[in-house]
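**Student:** dropping the sequence and predicted coords here.
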Amino acid sequence: MKPCNLCPRRCDVDREDGQPGICGVDSHIYVARAALHHWEEPCISGTNGSGAVFFGGCGLRCVYCQNYDIATTQVGKEISRQRLTEIFLELQNREAANLNLVTPSHYVLEIIAAMEEARKQGLRIPVVYNTSGYERVETLKMLDGIVDIYLTDFKYMNEETAARYSRAGDYPGAVKAALEEMVRQVGQPIFDRKGMMQRGVIVRHLLLPGHVHEAEQMVKYVHETYGNQVYLSLMNQFTPFERLYDHYPEIARKVTKREYETLIDYALDLGVEQAFIQEGDTAEESFIPSFDYEGV
């Protein structure tokens, strides 16, 4: 982190000297919540829940972010590396199905150190790396042998869309390279007798209003490139927060039932067999957890 080039932004700032990167944080660890989380894919949450650690800050910072308060570092409690190790073990003691690291990219070095210590002390549950997909391959390689499951977004296929909503025109290229490395590391998906994923890659896509064609392009790319090596998770839970209305009116609405069904039908016609889909009205703020420092 001196200088910091962990993510594709390559800020080059000295985070160890207290300078925040685009992610919004310096070299300290900030966590907003560490608790059992029941709203991931069924093979991640299971019955007991996933042991989700929500980190503060984000290197991508999409304008429509569903976790806006923590992504922009408005919420987050500073903790030590030792405390992070303790949190990992506490979640396992609560019988979490796995350890779910949410938006972890800018904390990779601290996470690796805390994870190694936690494993010495008996951590044995799978580790989930829950990411925006905007990753450097060089950083991901440091996680080989640390991460068991990659739960990664694949937000955009078009550079123009990525630039407008995330100010990251290089996102499509970055996510493709990152996904290749993720699949290389963990290989074919593996499940236990209860249907819980132990190793593997899940590729998430949050459908944006008016962007069905781009979503179809993403599904086509992932399916034709990786087939049954990865699971797709196609999500309709886009929540149009008020802050979008003035500057991004084209996405200041919910995804329609027709838009989402069009995407699902396309995936089925393409031959996709391994995918998670959502039912009902998921575009509600109530699906967003309370970042109240529980478990921190």
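**Tutor:** Looks like it came in fine. Numbering: from 1, shown residues only.

**Student:** mind listing what's buried along the helix or strand of the chain with the lowest mean pLDDT?
**Tutor:** In the chain, no helix or strand scores lower on mean pLDDT, DSSP states H and E than helix 68-71, which sits at a mean of 89. Buried residues in helix 68-71, counted by 16 or more other C-beta atoms under 10 Å: Y68, I70, A71. Placement of C-beta: from N, CA and C, glycine included.

**Student:** ok, residues contacting it?
**Tutor:** Contacting residues not belonging to helix 68-71 are listed as 24, 32, 54-58, 61, 65, 74-76, 103, 241, 243, 291 [C-beta atoms under 8 Å, 6 or more residues apart in numbering].

**Student:** how far off centre is that helix?
**Tutor:** The chain centroid and the centroid of helix 68-71 are separated by 13 Å under C-alpha atoms, centre = their mean, to the nearest Å.

**Student:** could you point out the helix or strand that follows that helix?
**Tutor:** strand 77-79 (DSSP states H and E).

**Student:** which parts of the following helix or strand past that next one are buried?
**Tutor:** Reading on from strand 77-79 to the C-terminus, the next helix or strand found by DSSP H and E is helix 81-93. Using 16+ other C-beta under 10 Å as the test for burial, helix 81-93 gives R81, R83, L84, T85, E86, I87, F88, L89, L91, Q92.

**Student:** so the fourth one versus G173, what's the distance?
**Tutor:** What that stands for is T85. Going from T85 to G173 by C-beta to C-beta, to the nearest Å gives 35 Å.

**Student:** same check on the first one?
**Tutor:** In this structure, R81 lies at 33 Å from G173, with C-beta to C-beta as the measure.

**Student:** same question, T256
**Tutor:** Taking C-beta to C-beta as the measure, T256 and G173 are separated by 30 Å.

**Student:** the closest residue to E135 other than its chain neighbours: neighbouring residues, count only.
**Tutor:** Leaving aside its sequence neighbours, E135 sits nearest to A178 (C-beta to C-beta, 6 or more residues apart in numbering; 4.0 Å). For A178, the count of nearby residues is 24 (other C-beta atoms under 10 Å).

**Student:** isn't A178 up against V137?
**Tutor:** Yes - assessed by C-beta atoms under 8 Å, A178 is found in contact with V137 at 6.3 Å.

**Student:** which parts of the stretch 1-150 of the chain are strands?
**Tutor:** Counting by DSSP state E, counting those that start in this stretch, the stretch 1-150 of the chain has these strands, from start to end: 29-37, 50-55, 77-79, 99-102, 127-131, 149-153.

**Student:** for these, give me CSV that also has mean pLDDT.
**Tutor:** Listed next are these as CSV, based on pLDDT from 0 to 100:
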stretch, mean pLDDT
strand 29-37, 97
strand 50-55, 98
strand 77-79, 97
strand 99-102, 98
strand 127-131, 98
strand 149-153, 98
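
**Student:** between those, which gets nearest to V186?
**Tutor:** In terms of C-beta to C-beta, the element of the strands of the stretch 1-150 of the chain nearest to V186 is strand 149-153, at 6.4 Å.

**Student:** other residues contacting the closest one?
**Tutor:** 40-41, 44, 98, 100, 126-133, 135, 175, 178-179, 182, 185-186, 197-206.

**Student:** in PyMOL, select just the buried ones from those.
**Tutor:** A single PyMOL command selects the buried members of these (16+ other C-beta under 10 Å):
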select buried, resi 40+41+44+98+100+126+127+128+129+130+131+132+133+135+175+178+179+182+185+186+197+199+200+201+202+203+204+205+206
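
**Student:** residue ranges with poor pLDDT in this protein?
**Tutor:** Within the chain, the segments meeting pLDDT under 70 span 280-287.

**Student:** roughly how far does the residue positioned nearest the centre of it sit from P172?
**Tutor:** Note on the chain: the residue nearest the mean C-alpha position is T131, at 2.7 Å, using C-alpha atoms, centre = their mean. Using C-beta to C-beta, T131 is found at 16 Å from P172.

**Student:** relative to the whole chain's centre, how far out is stretch 81-100?
**Tutor:** Chain-centre distance of stretch 81-100: 18 Å, with C-alpha atoms, centre = their mean.

**Student:** how near is the nearest residue to H106 once chain neighbours are set aside to Y165?
**Tutor:** Leaving aside its sequence neighbours, H106 sits nearest to C23 (C-beta to C-beta, 6+ apart; 4.2 Å). In this view, C23 and Y165 are 17 Å apart by C-beta to C-beta.

**Student:** okay, those two: which has more neighbours?
**Tutor:** Counted by other C-beta under 10 Å, C23 and Y165 do not tie: C23 has more neighbours, with 26 against 22.

**Student:** now do the contacts for that one.
**Tutor:** Per C-beta under 8 Å, 6+ apart, neighbours of C23: C7, R9, C11, G57, C58, G59, R61, S105, H106.
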